[in-house]
Structure formats: structure tokens, C-alpha cells
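**Q** no letters, just coordinates:
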């Protein structure tokens, strides 16, 4: 394997002059306050080695990256029957679009656009009060990362609750089509809090390592999901993980990945490592501008693309 610390250091030195590029997610007031001049990156290999650079220890709002962990929980609860509630196809539309949802009778195109993730949150809530469902997610992520210090940023959750009108519309629309079982305000309470999970690049890479290691966490020895389920979650991240920029990310980077409007991107090199990168400035489709550039550099310099080196 290439010297990963040297590779990370070279990526960091190439990115540094560009730090601050992109536009922070100003439609969520708390995220609008984040300094865009930050960049961090961490790699955790399946043999347990950790490599990091820049601001890899600073916690940030993981936002839609949380959808990967909620999807894992939902599949654990209901298995393949989940796919009656949500599809598995790329959307080609913005992450908060309502047009496709109406056209397809309230069944979201995939679990990573907002409507799909709201439906997934509804599944995880089954038999729980909202607070319990949020607690379940937090316990799960802490267990995966082996880190009890991970928290939910209540200010971000409150900020989203106060401004998330489009998500309220999506949830009501699905409820009208009977694709939500719980009251809309309860489901959205869970959804807004899951998106407000705060994690550093290192914590995020540790938490997602099971997807690089056939469903088991090699650092703890715990089995999280079956190898088949890990493979399928990775497939969904590759095809749907970057909203209407998913094809472009696959073309340039070639790794399963999930972005969030907090500026984070989580990516998986199957059988090798999990990677997390954070830079708050976003491109026009809502993905971290420099995060995507850094991952393209990493894939090129390591040959980790799933499509070959």
C-alpha cells in the first residue's frame, strides 16, 4: 500500500491554497455561521490504522451523511420490505425536490434524498417515541465509532426545525399518500436531530469502517451487517449518495460515498479503508467542493477507484 500519510499530506498541500472555495449552506442559519476556511481529512484502514490531516479532529454537522446510519438501522428492523416504502434509483433531481414525489405517488426515489430519508426515519421510529429513536441512532453511531463523546448539536437541530419548510412539505405529501405511519412533526423531529449529529472526520471514518470491511468493524471485532448488506449499502451510495451530482462523483472519484450540506463527505474503498473529508464550502449541487476534489486526488494517487486503477 502507498504511504497513506505522505499521500494525505500531499493532498493537503495541494488543497491548502484553495481552502475557502464554495458556499456554505446558508439556508440553515447555524450552518451559515461556519467558517468556510477549514479542511480536514481522515482515513481508517481495515487493519485499524488511522491517518489524518488538517482539521480532521474538529466536529462538524454531518447532515445527510447520517442517512447511511439510519438506512442501516432501518434495514436491520424491516429488512428488504423497506423497499416497498422507498426506491433504489438515482433521482437526477435536487435533494429536496417535491416534483418527482408527486409523479411517483409518494414513494421517494431512494433513501438518500430528503423524502426518502424521512420515510426511513419513520421506519426506525416504529414502536418508539421520537426521543427514543434519536437515542437509538446516537447509541448506534457511538458504538460504531467506539466513541461516547459523539453528540447531537441541538442548535443545528433547532435551526433546521425553524426553517425546514420544504421538508415539512415533503413529509406531509408522503403522509397524504400513506407512506408515513407516524405524525409528521414526530418524524421530522427525528429527521432534523439525526442531521444535526456532530462528528469529526476521524470519528466518521471510524463509524463507517464496517462498510469497508464486509459488514464487520475490524477495530472492535463486532459484526454490524452481513457482507451482502454492506455491499448493497455501498452500491446505493455509489449511485445515489451525491444527489444530482452522483454520476459526476462516480466519474471523477469512483468510490461509494455520501455527502452532507455541512461540507462532509464519507467514502468507502471496499476491502481497504473508510475515508471522511470535510470542507464547508459547497458546490452548486450541495456537495463539498474541496472535499470532492480531495477524494478525486486520493483515488488517483492510490488507485482505489472501484472501477480500476
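**A** Now that the structure is in, tell me what you want to look at. Because the structure is a prediction, the values reported are computed rather than measured.

**Q** what helix or strand is residue 268 on?
**A** Taking DSSP states H and E as the definition, residue 268 sits inside strand 264-269.

**Q** show the average pLDDT along that strand.
**A** Across strand 264-269, the average pLDDT comes to 98.

**Q** pull up the pairing partners for it, direction included.
**A** strand 257-259 (antiparallel), strand 273-278 (antiparallel) (DSSP bridges).

**Q** out of those strands, nearest to residue 91?
**A** Nearest to residue 91, of all the strands paired with strand 264-269, is strand 257-259, at 13.8 Å by Cβ to Cβ. From N, CA and C alone the C-beta is placed, and that goes for glycine too.

**Q** state the mean pLDDT of that closest one.
**A** The average pLDDT within strand 257-259 is 98.

**Q** can you add mean neighbour count and distance to residue 292 and give the strands paired with strand 264-269 back as a markdown table?
**A** Formatted as a markdown table, the strands paired with strand 264-269 follow (neighbours: other Cβ atoms under 10 Å; distance: least, Cβ to Cβ, whole Å):
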| stretch | mean neighbour count | distance to residue 292 |
| --- | --- | --- |
| strand 257-259 | 30 | 8 |
| strand 273-278 | 30 | 8 |
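
**Q** quick one: closest of the ones you listed to residue 200.
**A** Closest approach to residue 200 among the strands paired with strand 264-269 (Cβ to Cβ): strand 273-278, 8.0 Å.

**Q** residues touching residue 91, list them.
**A** Neighbouring residues of residue 91 by Cβ atoms under 8 Å, 6 or more residues apart in numbering: 97, 100, 109-110, 113, 240, 243-244.

**Q** 6 Å instead?
**A** When contacts are counted by Cβ atoms under 6 Å, 6 or more residues apart in numbering, residue 91 is found next to 109, 113.

**Q** which SS class is it?
**A** At residue 91 the chain is in coil, as set by DSSP: H, G, I helix; E, B strand; the rest coil.

**Q** how does the protein divide into domains?
**A** Domain ranges of the chain: 4-64+198-302, 65-196, per the TED database.

**Q** show me where pLDDT drops low in the stretch 1-150 of the chain?
**A** Within the stretch 1-150 of the chain, the ranges that satisfy pLDDT under 70 run 1.

**Q** coming back round to it: reformat the domains of the chain as TSV; add distance to residue 308.
**A** Below are the domains of the chain laid out as TSV (distance: least, Cβ to Cβ, whole Å):
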stretch	distance to residue 308
domain 4-64+198-302	8
domain 65-196	22
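
**Q** okay, those, which one's buried deepest?
**A** Stretch with highest mean neighbour count among these: domain 4-64+198-302 (a mean of 21; mean count of other Cβ atoms under 10 Å).

**Q** please compute how far that one lies from its chain's middle.
**A** 8 Å (Cα atoms, centre = their mean, to the nearest Å).

**Q** can you give me the end-to-end span of that domain?
**A** 8 Å (Cα to Cα, to the nearest Å).

**Q** phi and psi next, for residue 200.
**A** phi -90, psi 170 (degrees, to the nearest 10).

**Q** look up how far residue 60 lies from it.
**A** The gap separating residue 200 from residue 60 is 7 Å, by Cβ to Cβ, to the nearest Å.

**Q** now swap in residue 283 and tell me
**A** Separation of residue 283 from residue 60 (Cβ to Cβ): 17 Å.

**Q** can you name the element that comes right after whatever helix or strand residue 53 lives in?
**A** Taking DSSP H and E as the definition, residue 53 sits inside strand 50-54. Once strand 50-54 ends, the next helix or strand along the chain (criterion: DSSP H and E) is strand 60-61.

**Q** now for the helix or strand that that next one is followed by, which elements pack on it?
**A** Counting by DSSP H and E, the next helix or strand C-terminal to strand 60-61 is helix 66-78. Applying 3 or more Cβ pairs under 6 Å, 6 or more residues apart in numbering; DSSP states H and E, one finds that helix 66-78 contacts helix 114-124, helix 184-195.
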